[in-house]
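*Asks:* Build me a structure from this.
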Amino acid sequence: MDDGNPRPQKRLRTDPNFVETPTTVPDSHLPSALSPSILVPPPEPPSPTSPGLKPLPPQVLLLALPALLLHPPTHEKYALSLFLSLRALRLCLQLPALAPEVECYAWTALAEVGMRVIKSGFCTTSEYSWTVGLEEEHPVLRHLRHHLSLLNSHFAFYRSNARFARAVLRRLISTFVPSDPPTVVSRLPPPASNLSHGNGANESISFHPHRNPPEIQAALTALTNLSAIAAQNQHFSILKLVAVLRLRVLVAAEMWDVVGDALQGAEKLLSLAFHDSNGAKEGGQEREVKREDSEFLTCSYSITAQEVHDSAATQSRSQTPLEMGPDDKARTEQPPADAKNTREDPLTAALSVHTLMLGIVYHTRGGCARAAELRLAALHSLMDSGAQVGGVNSDGLVEVPLSPHPPIHLRVSHPRVVFLLTFLISAVAKRDPVGRRPKKKVFAESGIVNCREGYDEDVGGAVEINVPPWFSHGDMENIDQSTLRIEADLLCELAAVSIQRCDFGAAGKHLDTAVAHTRTHGFFSEYASRITLHHAHLAHAIGDTDRAGMCYRVAAYLDGAGPVGASDTNTSGFVAAAARAGEALLRIGLAAKQAALNTTSNPPTVTDEESHAPYLDESTVALAEDAIARCLACASAPLPALAELLSAALSPSQIIRSKSLLKHALALSGSAGDNHMRALVLAVVGAQYVHTSPEHAMEVLAVCETLGAGMGASEKKPVSAGSESETGKGASVCGMGNAALRLWVGERFLELFKRAGKEKRVQKQEEFNALYRSAVDAVRMVGEVS
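*Replies:* Residues are numbered from 1 along each chain as shown. Next up, the predicted model:
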């Protein structure tokens, strides 16, 4: 008999450690044994009154998957995320009866994801079979005209079809109407809007300023139009961006005559106020000097002792803190009110860093050390302040506000590249090799250490850096390549300062490392001419004249220099001009040395004022004239000073003209902060005054000898009992400075002391000269062995 009112069941024990198995089954509704699933209550159907979640349409879910699956290229599932994104978009396009907007967004997303796959290099290997035929897909782009036109232009530019890319942009600009939002109108195509260094994964795209003047004018015109639109809409962030982009275009195009005005405009918009004591034109590179004016030569040929010491004071500013006035200190220590939020504003910080770097490059090239020093101090202050130069997330992405409209996302140089470029620019801007620890060497060594610390040889790329999730492997490779090239530049700078400081063993090691570094990573051809020029300087310094002459000629050839005397000197660059000047100085020195050995009691007299040095043959004169033309055409410090020095060497009989040229060369080297060049000029100047003004010659040669001693001064280290002998041994080689220059100056001193009858000074100077001569012979013996 069934019970009409059964008793309620007991609660089931939920402790997994104790499950009681019933021996009898009181009711048929219960299972004979408890299973794990019985511990979970069955899902109850939703109540009709409770609000339930509506299922997403398939097309919406499939379109949202690529954003949900987005991973940076450093993620281990990066390839899988791209595969799933492509799969989701293709499934979305296969759905029937898609709305036009949904279909357009799907095709756009497919093009963008496919571009990332192509730039990541997955299509070039057979390992990823899902990428086969991806490059041949042609989506039907119907809507989103602005975005798709920009994307189409990006595709064309990536395929090296710049003409079609410009045509697409021109058609897009012609279709703008007043109702278009400023976010669309102000947006630039990716190839033009990136403030990043390098051309990405497509290495075939390059910028040739002398070959593509129409492209430069088109870019400047576009920037002018964009500036007008931004001014009309009062978008000051766009005005700042346009000013920096214009400056960058002019520097890349090497239009140096208008770079100064563009730099001042950009610095004014960014509230970067600098009061240079000497402007760019007053920095020593003004070429409007009328050398043939006899009145000018008569009044300015004499090089006084005050001018020698004034140039020494100019040089000291490159190694010591600048003496700034109250206004300068206020501007450097306390930024203006408009720039008080630079640290918090990533856009302003990024634009300020680019402007400061370009300003340092411009003034360093122009030979104005003080202007470059002011901007370098501001750059160091900005980098040390923790400013968000790479965006909020330090991934190289900043926002350009266009209130009340949505902002524009701008890609700038990655913070790691900016950080390493600061070391490189600092090493280039510091020209003075004199001192125990010259800043040029310190910045170069520190930069190389930072380059190698951030590069993992096992992984093969930079580690622990933030990148946007939409980055491709090509973008990561661009950062890695920039790092590797910065390291190569720093190695060259370190080799150069080692040669200047007569540390020839270290210079040879640095050059060997540079050759191995560039050959390992596949860009040796880009640095071949520069490395060869450093080898020429090294051979020239140790006295291997045959090797030096050969390396000079090879370096000029690799840099595109034509035959000597070619009419067009603009086909080559700085390396060719420096190589021709170095070879000319080498041959002039060898000819003068041979002429001194063959001097008779009746030296040849020169009556023609236009005649060159009698001991120079026609080929040497032609080489020197070609070098002068190339140095004047390049006009990058210290080439103008070299041109003046060569011109003075070609006209030794014209005393007034020669002294005027040397005076100009001394002013150029002093303004540029180049003590190495200044020592050479002072040596030539002192030789001219040996026979006419011994007192003045002694003063000039004393400054020259001091500079020669400083180019190799060893660091102060604590001397221990065990290292005393080693320290003494190293001091005879490294602490001697420029032994060849000091020996030459010592011989002039010895000649002056003998003429004045100072026996004690003669004896002491002979001891110094013997020490210098032994150091020079030791260096030459090492060079012959190597």
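
*Asks:* what ranges do the helices span in the stretch 551-700 of the chain?
*Replies:* Secondary structure of the stretch 551-700 of the chain (DSSP state H, counting those that start in this stretch): helices located at 574-597, 618-634, 639-650, 655-672, 675-689, 694-710.

*Asks:* cool, and the stretch 401-550 of the chain?
*Replies:* Counting by DSSP H, counting those that start in this stretch, the helices of the stretch 401-550 of the chain are 415-429, 439-453, 473-500, 504-520, 524-542, 545-558.

*Asks:* coming back round to it: now distance to residue 504 and mean pLDDT too, for the helices of the stretch 551-700 of the chain, in TSV please.
*Replies:* Just so you know, the C-beta spots here come from the backbone N, C-alpha and C atoms, and that holds for glycine as well. Formatted as TSV, those follow (distance: least, CB to CB, whole Å; pLDDT from 0 to 100):
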stretch	distance to residue 504	mean pLDDT
helix 574-597	16	91
helix 618-634	25	92
helix 639-650	22	92
helix 655-672	23	90
helix 675-689	15	92
helix 694-710	15	92
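
*Asks:* Including mean neighbour count and distance to residue 271, could these go into a markdown table?
*Replies:* Converted to a markdown table, the helices of the stretch 551-700 of the chain look like this (neighbours: other CB atoms under 10 Å; distance: least, CB to CB, whole Å):
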| stretch | mean neighbour count | distance to residue 271 |
| --- | --- | --- |
| helix 574-597 | 20 | 33 |
| helix 618-634 | 20 | 34 |
| helix 639-650 | 25 | 33 |
| helix 655-672 | 23 | 27 |
| helix 675-689 | 24 | 34 |
| helix 694-710 | 20 | 39 |
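
*Asks:* With residue 265 as the reference, name the closest of the ones you listed.
*Replies:* Ranking the helices of the stretch 551-700 of the chain by proximity to residue 265 (CB to CB) places helix 655-672 first, at 24.1 Å.

*Asks:* starting at the chain centroid, how far to that closest one?
*Replies:* Computed by CA atoms, centre = their mean, to the nearest Å, the chain-centroid distance of helix 655-672 equals 31 Å.

*Asks:* of the helices of the stretch 401-550 of the chain, which approaches residue 107 most closely?
*Replies:* Short answer: helix 473-500, nearest of these by CB to CB, at 22.4 Å.

*Asks:* distance between the closest one and the chain's centre?
*Replies:* Relative to its parent chain, helix 473-500 has a centroid offset of 9 Å by CA atoms, centre = their mean.

*Asks:* Compute the inter-axis angle for that helix and helix 415-429.
*Replies:* The directions of helix 473-500 and helix 415-429 differ by 20 degrees, with axes from the mean of the first three to the mean of the last three CA atoms, to 10 degrees as the criterion.

*Asks:* Next, the buried residues of helix 473-500.
*Replies:* Residues of helix 473-500 classed as buried: 473-500 (neighbour count, 16 or more other CB atoms under 10 Å).

*Asks:* before we move on, back to that, take the helices of the stretch 401-550 of the chain and lay them out in a markdown table including distance to residue 266.
*Replies:* Shown next, in a markdown table, are the helices of the stretch 401-550 of the chain (distance: least, CB to CB, whole Å):
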| stretch | distance to residue 266 |
| --- | --- |
| helix 415-429 | 17 |
| helix 439-453 | 25 |
| helix 473-500 | 23 |
| helix 504-520 | 33 |
| helix 524-542 | 29 |
| helix 545-558 | 35 |
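
*Asks:* Ok, which of these comes nearest residue 102?
*Replies:* Using CB to CB, the helices of the stretch 401-550 of the chain put helix 473-500 closest to residue 102, at 29.2 Å.

*Asks:* Report the angle between that closest one and helix 675-689.
*Replies:* Using the same axes, to 10 degrees: helix 473-500 against helix 675-689 is 30 degrees.

*Asks:* going forward can the numbers begin at 238, since that is how I track them
*Replies:* Sure, I'll start numbering at 238, so the last one becomes helix 710-737.

*Asks:* Give the other helices and strands that helix 710-737 contacts.
*Replies:* Counting contacts by 3 or more CB pairs under 8 Å, 6 or more residues apart in numbering; DSSP states H and E, helix 710-737 packs against helix 337-356, helix 652-666, helix 676-690, strand 692-693, strand 698-699, helix 741-757, helix 761-779.

*Asks:* Averaged pLDDT, the fourth one. What do you get?
*Replies:* Regarding strand 692-693, the rounded mean pLDDT is 58.

*Asks:* what does the fifth one give?
*Replies:* Along strand 698-699, the predicted local confidence has a mean pLDDT of 49.

*Asks:* Same question for the last one.
*Replies:* Averaging pLDDT along helix 761-779 gives 96.

*Asks:* now swap in the second one and tell me
*Replies:* When pLDDT is averaged over helix 652-666, the result is 95.

*Asks:* Show me what that helix packs onto, helices and strands only.
*Replies:* Under the contact criterion of 3+ CB pairs under 8 Å, 6+ apart, helix 652-666 touches helix 583-603, helix 606-621, helix 676-690, helix 710-737.

*Asks:* what's the angle between that helix and helix 676-690?
*Replies:* 160 degrees.

*Asks:* Off-centre distance for helix 652-666?
*Replies:* Distance, centroid of helix 652-666 to centroid of chain: 6 Å (CA atoms, centre = their mean).

*Asks:* ditto for the first one
*Replies:* Between the mean C-alpha point of helix 337-356 and the mean C-alpha point of its chain there is a distance of 35 Å (CA atoms, centre = their mean).

*Asks:* cool, and stretch 924-944?
*Replies:* That offset, for stretch 924-944, works out to 40 Å (CA atoms, centre = their mean).

*Asks:* Repeat that for stretch 470-484.
*Replies:* The chain centroid and the centroid of stretch 470-484 are separated by 23 Å under CA atoms, centre = their mean.

*Asks:* try stretch 887-905
*Replies:* Averaging C-alpha coordinates over stretch 887-905 and over its chain gives two centres that are 35 Å apart (CA atoms, centre = their mean).

*Asks:* hey, C-alpha coordinates of that stretch in PDB?
*Replies:* Extracted in PDB, the C-alpha atoms of stretch 887-905 (Å, rounded to 0.1, in the frame of the first residue of the first chain):
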ATOM      1  CA  LEU A 887      98.400  74.800 -51.500                       C
ATOM      2  CA  SER A 888      99.500  78.400 -51.200                       C
ATOM      3  CA  PRO A 889     102.500  78.600 -48.800                       C
ATOM      4  CA  SER A 890     104.100  81.400 -50.700                       C
ATOM      5  CA  GLN A 891     101.000  83.700 -50.200                       C
ATOM      6  CA  ILE A 892     101.600  84.400 -46.500                       C
ATOM      7  CA  ILE A 893      98.700  86.800 -45.900                       C
ATOM      8  CA  ARG A 894      96.200  84.500 -47.700                       C
ATOM      9  CA  SER A 895      97.600  81.400 -46.000                       C
ATOM     10  CA  LYS A 896      97.300  83.000 -42.500                       C
ATOM     11  CA  SER A 897      93.800  84.200 -43.200                       C
ATOM     12  CA  LEU A 898      92.700  80.700 -44.200                       C
ATOM     13  CA  LEU A 899      94.300  79.200 -41.100                       C
ATOM     14  CA  LYS A 900      92.600  81.800 -39.000                       C
ATOM     15  CA  HIS A 901      89.300  80.900 -40.400                       C
ATOM     16  CA  ALA A 902      90.000  77.200 -39.900                       C
ATOM     17  CA  LEU A 903      90.900  77.800 -36.300                       C
ATOM     18  CA  ALA A 904      87.600  79.700 -35.800                       C
ATOM     19  CA  LEU A 905      85.700  76.800 -37.400                       C
END
